[in-house]
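> Sequence first, then the predicted structure, then my questions.
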Protein chains: 2
Amino acid sequence: MNLGQATIKDIAKALNVSPSTVSRALKDYPGISEETRKKVKDLAEELNYRPNAVALSLRQSKSFTLGVIVPEVVHFFFSTVISGIEEGALVNGYNVILCQTNEQYEREVKMVDTMISSQIDGLLVSHSRETKDFSHFKRLLDRNFPIVFFDRLPEIENTVSVIVDDFMGAYDAVAHLILQGYRDVLHLAGPKNLKISEQRLSGYRKALQDAGLPVREDRIIPCPNGTLEESQTHCSLLFSGTDRPDAVFASNDMAAAGAIEALKALGISVPETVGVVGFSNWQFSSMIAPPMTTVAQPGFEMGSRAVSLLLQCIESGKYNPTTEVLPTALIPRASSQRKK
Amino acid sequence: MNLGQATIKDIAKALNVSPSTVSRALKDYPGISEETRKKVKDLAEELNYRPNAVALSLRQSKSFTLGVIVPEVVHFFFSTVISGIEEGALVNGYNVILCQTNEQYEREVKMVDTMISSQIDGLLVSHSRETKDFSHFKRLLDRNFPIVFFDRLPEIENTVSVIVDDFMGAYDAVAHLILQGYRDVLHLAGPKNLKISEQRLSGYRKALQDAGLPVREDRIIPCPNGTLEESQTHCSLLFSGTDRPDAVFASNDMAAAGAIEALKALGISVPETVGVVGFSNWQFSSMIAPPMTTVAQPGFEMGSRAVSLLLQCIESGKYNPTTEVLPTALIPRASSQRKK
DNA sequence: TTGTATGCGTTATCAT
DNA sequence: ATGATAACGCATACAA
């Protein structure tokens, strides 16, 4: 089972030199004869020598490994962010250890622990929906361990983080609906303890206010699970009544899709009677009928920016609080555009 | 920046005992006084001691880390497999290092190298579309390093692997179309050098033959990229002509969706005039119009089975070639069912 | 130009 | 019941 990988010692023995000489030759240190260097390198090549990253890590107290914690892997947005992280790590010579919490606080805490044991150099985190106590992160930050938070901000002061402009994204979405002539916009809101939900809700409110439209609290429906069914259930009920909204702005695409399903089932036409806008630009959003207007989040960029910020912290040894805000982009499609 | 994690030495010094005593106490070795054991454990708790996984790894030549190589992370099927791998690894106390090749051979080779340097205990691989030379895997297997292949089988004899029954999945799909009364089935085939494409093509052929229908080679259209546009382009052309197929079986859902788009654009009704079936049961497949019939692959299960097999190899030290075949399931939806 | 010794954190072996 | 030592693979301060 063991690979029997060649080590520096093996090379040293074979060439009758000391391990240090080999080490130096391999790293092109000054003060090594051309001859020895060549001998060493040739043999290393021949034996397919590869430095043992574990030994290096122990020696240098540096693992060139980053930990990534996400709520879920099977998720268009998060997988896109992961992809960005992968790329960023790769080009900078870092490995990525990945964990998903499945939105469970318990798991999150354990995973942080495991990763710390693994001597990761830094952590990239989007916390679970359940997490209300952030001390497992706070403890590390207090000891000057670098963590970059993305998408979901913890309730901790002065962190380094990357988010998208959820407020403006939501604002743009609702403003767009209003501009299209819709007047009574329902909001399918995300989990309450996520900042992103708050921000999107605020953007929704502001857009209505700026347009001189009333903000009705009963037009704000919490959809904490973010499943299609959840939203479908709520919308079926709401749009069966007489006091019906004429548009839906959902905090995520799944909820928006649920709304469309419910509306279709009720025979209410989208976008003629009711306009719908989602959030995230999931893959399916362009493919459903009608194609769905949504707010695109730059997931890949978020991942690579997060890595950049983290590496900056790691390499400088400094943790300078910043919150980088990436712009969203409204993608107008059929679900919100009345034929004139 | 450094965490200043407490080590066994720290505990030893603080208690005026030797590191070995601490080590033994922590691991509940016999031959340690109750008193010492308690003292050690209490202090360890207080200092929040965590064993240094890197040191352990070096000492034991075992990292409890698995490498995972996939073509892409932003991919419904692969992210589902990754999720299964994550879970399997977690419950067995292993970490997961993740890499995506972006379907590039060069990257794949490098990543294998990096992972080996990182002293992973085993590898889980779905190779890139470009890979034709498998020697980077073969070399490792020859040295008895455990690799489990999933979904995409390499051209190597006697490997341990997990696949889905692509042949039967395709057969079922096409048989279903025939049963629905379609007679002239177009096949949008996957990349030629992937076994899965071969298998799906074979299933397609066999289903036609078994039904006594002719297999027309010009009804087999290669769609190597697997994008919506690619298939859309081909289908637009094909269905504009006079000699038109009356059904489409695509090797993946994206291609099937492209076909539906093309048909819609041409004003050809699905499923009345042309039936469409995809492969993979991507998230969007149930949400598009019409909801798409497709073949579901058990991605999560594939991931957890692959981990189980790998751990078996690692722990037994034996590499017993097997190919585990997971069943697919046809999910009939509107896109292939003519109203009678 | 090269070799020797030491230490990163841990544990197994051999003392005591 | 506990301690001393060596070793995992590597890099480096110090010697020669």
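Yes, it's here.

> thinking residue A:163 is in contact with residue A:324, fair?
Yes: the pair residue A:163 and residue A:324 qualifies as a contact (CB atoms under 8 Å) at a distance of 7.4 Å. (Each C-beta comes from the backbone N, C-alpha and C, glycine too.)

> Within range of DNA strand D, give me the residues from the stretch 51-200 of chain A.
A:51, A:52, A:55, A:56, A:58, A:59, A:60 (CB under 7 Å from any atom of the strand).

> mind redoing it with 6 Å?
Taking CB under 6 Å from any atom of the strand, the part of the stretch 51-200 of chain A that reaches DNA strand D is made up of A:51, A:52, A:55, A:56, A:58, A:59.

> and DNA strand C, which of those reach it?
The residues of those that also fall near DNA strand C, by CB under 6 Å from any atom of the strand, are A:58, A:59.

> Residue A:163 and residue A:324 - which one has more neighbours?
Using other CB atoms under 10 Å in any protein chain shown as the criterion, residue A:163 and residue A:324 rank with residue A:163 on top: 20 against 16.

> Following element in sequence after whichever strand or helix holds that one, please.
Element membership of residue A:163 [criterion: DSSP states H and E] is strand A:160-164. Using DSSP H and E, the helix or strand that directly follows strand A:160-164 along the chain is helix A:166-179.

> quick check: angle from the next helix or strand after that following helix to helix A:166-179?
Following helix A:166-179 in sequence order, the next helix or strand is strand A:185-189 (DSSP H and E). On the basis of axes from the mean of the first three to the mean of the last three CA atoms, to 10 degrees, strand A:185-189 is oriented at 150 degrees to helix A:166-179.

> Run the chain-centre distance for strand A:185-189.
Centroid displacement of strand A:185-189 relative to its chain, using CA atoms, centre = their mean, to the nearest Å, is 24 Å.

> What residues sit buried inside the first helix or strand past it going along the chain?
Going down the chain from strand A:185-189, the next helix or strand is helix A:195-210, by DSSP H and E. Of the residues in helix A:195-210, A:195-201, A:203-208 count as buried by neighbour count, 16 or more other CB atoms under 10 Å in any protein chain shown.

> Make a PyMOL selection of the buried ones in the residues of the stretch 51-200 of chain A next to DNA strand D.
In PyMOL syntax, the buried subset of these is picked out as below (16+ other CB under 10 Å):
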select buried, chain A and resi 52+56+58
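
> any chance of the residues of the stretch 51-200 of chain A next to DNA strand D in CSV, with pLDDT and secondary structure too?
Formatted as CSV, those follow (pLDDT from 0 to 100; DSSP: H, G, I helix; E, B strand; the rest coil):
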residue, pLDDT, secondary structure
A:51, 97, coil
A:52, 97, coil
A:55, 97, helix
A:56, 97, helix
A:58, 97, helix
A:59, 96, helix
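
> how about the residues of the stretch 51-200 of chain A next to DNA strand D, which pair is most distant?
Farthest apart among those by CB to CB are A:51 and A:58. That separation is 12.3 Å.

> Name the residue of the stretch 101-250 of chain A that lies nearest to DNA strand D.
residue A:119 (12.7 Å; CB to the nearest atom of the strand).

> Would you agree that residue is in contact with residue B:57?
No: using CB under 8 Å, residue A:119 is not in contact with residue B:57, being 9.4 Å away.

> Common neighbours of these two, please.
Contact criterion CB atoms under 8 Å, 6 or more residues apart in numbering or on different chains; residues shared by residue A:119 and residue B:57: none found.

> The stretch 1-150 of chain A: strands as residue ranges?
A:65-70, A:95-100, A:122-125, A:147-150 (DSSP state E, counting those that start in this stretch).

> Export the ones you listed as CSV, with columns for mean neighbour count.
Putting these into CSV (neighbours: other CB atoms under 10 Å in any protein chain shown) gives the following:
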stretch, mean neighbour count
strand A:65-70, 25
strand A:95-100, 24
strand A:122-125, 26
strand A:147-150, 26
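
> Of those, which is nearest DNA strand C?
Among the strands of the stretch 1-150 of chain A, the nearest to DNA strand C by CB to the nearest atom of the strand is strand A:65-70 (15.5 Å).

> Can you tell me which helices and strands that closest one packs against?
Contacts defined by 3 or more CB pairs under 8 Å, 6 or more residues apart in numbering or on different chains; DSSP states H and E place strand A:65-70 against helix A:76-91, strand A:95-100, helix A:105-117, strand A:122-125.

> I'd like the mean pLDDT over the last one, please.
I take that to be strand A:122-125. Strand A:122-125 shows a mean pLDDT of 98 in the predicted model.

> Likewise for the first one?
Across helix A:76-91, the average pLDDT comes to 97.

> quick check, it touching chain B?
Yes: using CB under 8 Å from any CB of the partner chain, helix A:76-91 reaches chain B at A:76, A:79, A:80, A:82, A:83, A:86, A:90.

> Give the full set of residues in contact with the third one.
By CB under 8 Å, 6+ apart, the residues touching residue A:80 are A:299, A:300, A:303, B:74.

> for the fifth one, same thing?
By CB under 8 Å, 6+ apart, the contact set of residue A:83 is A:299, A:300, A:303, B:72, B:73, B:74, B:100.

> Recalculate using a threshold of 7 Å.
The contact partners of residue A:83, taken as CB atoms under 7 Å, 6 or more residues apart in numbering or on different chains, are A:300, A:303, B:73, B:74, B:100.

> Would you tell me whether the strand holding residue A:163 gets close to chain B?
No: against chain B, strand A:160-164 shows no contacts by CB under 7 Å from any CB of the partner chain, the least distance being 13.3 Å.
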